[in-house]
Structures are given as structure tokens and as C-alpha cells.
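1. The amino acid sequence is not available; the structure is as follows:
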């Protein structure tokens, strides 16, 4: 009986860890996407290419 409880606790802890890691990856990706688009928009407005002399 104790062995079943230990296995259950290990599986439960692993499931919670995987869920937390997945949420952290999701949070970082959405944060990077928002920051990346605003940075690229501001950068593209500043860069000028001079073709004439």
C-alpha cells in the first residue's frame, strides 16, 4: 500500500513540474513575441538606407 502512495506522489509531482515548465515556456514566448514586434517596429523606423551621393 505504501509503495502505491509513493508512486502516486512521484507521478503527481512530475505532472505539476511539467505543467509549471510548460506555463513558463508559454509565458516567455508570448512576452518575447510582444517585445520582439515592438522592438523591430521601432528599429525599422530608425534605419535609413542612403543610395545617393
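-> Here it is on my side, so go on. This structure is a prediction, so every number in the text was calculated from the model and none was measured.

2. Which residue ranges of the chain form helices?
-> For the chain, the helices defined by DSSP state H cover 2-46.

3. residue ranges with poor pLDDT in the protein?
-> Filtered on pLDDT under 70, the chain yields the residue ranges 35-49, 53.

4. ok, residue 32 - how many residues close by?
-> Using other Cβ atoms under 10 Å, residue 32 is surrounded by 11 other residues. Placement of C-beta: from N, CA and C, glycine included.

5. Please tell me how far it sits from residue 20.
-> Here residue 32 is placed at a distance of 19 Å from residue 20 (Cβ to Cβ, to the nearest Å).

6. Pull the number of nearby residues for residue 4.
-> 8.

7. Please disregard the earlier target; I meant residue 16.
-> Counted with other Cβ under 10 Å, residues neighbouring residue 16 total 10.

8. do residue 20 as well
-> Other residues lying near residue 20 total 10 when counted by other Cβ under 10 Å.

9. what do you get for residue 28?
-> By other Cβ under 10 Å, 10 other residues sit near residue 28.

10. ok, now which ones touch it?
-> If a contact means Cβ atoms under 8 Å, 6 or more residues apart in numbering, then residue 28 has no contacts.

11. Check the gap between it and residue 6 for me.
-> Counting by Cβ to Cβ - residue 28 and residue 6 are separated by 33 Å.

12. And for residue 31?
-> 38 Å.

13. do the same with residue 23
-> From residue 23 to residue 6 the distance is 26 Å (Cβ to Cβ).

14. what does residue 16 give?
-> Distance of residue 16 to residue 6, computed by Cβ to Cβ: 16 Å.

15. How about residue 22?
-> To residue 6, residue 22 is 25 Å away according to Cβ to Cβ.

16. cool, and residue 24?
-> Distance, residue 24 to residue 6, using Cβ to Cβ: 27 Å.

17. Having no further points to raise, I will conclude here.
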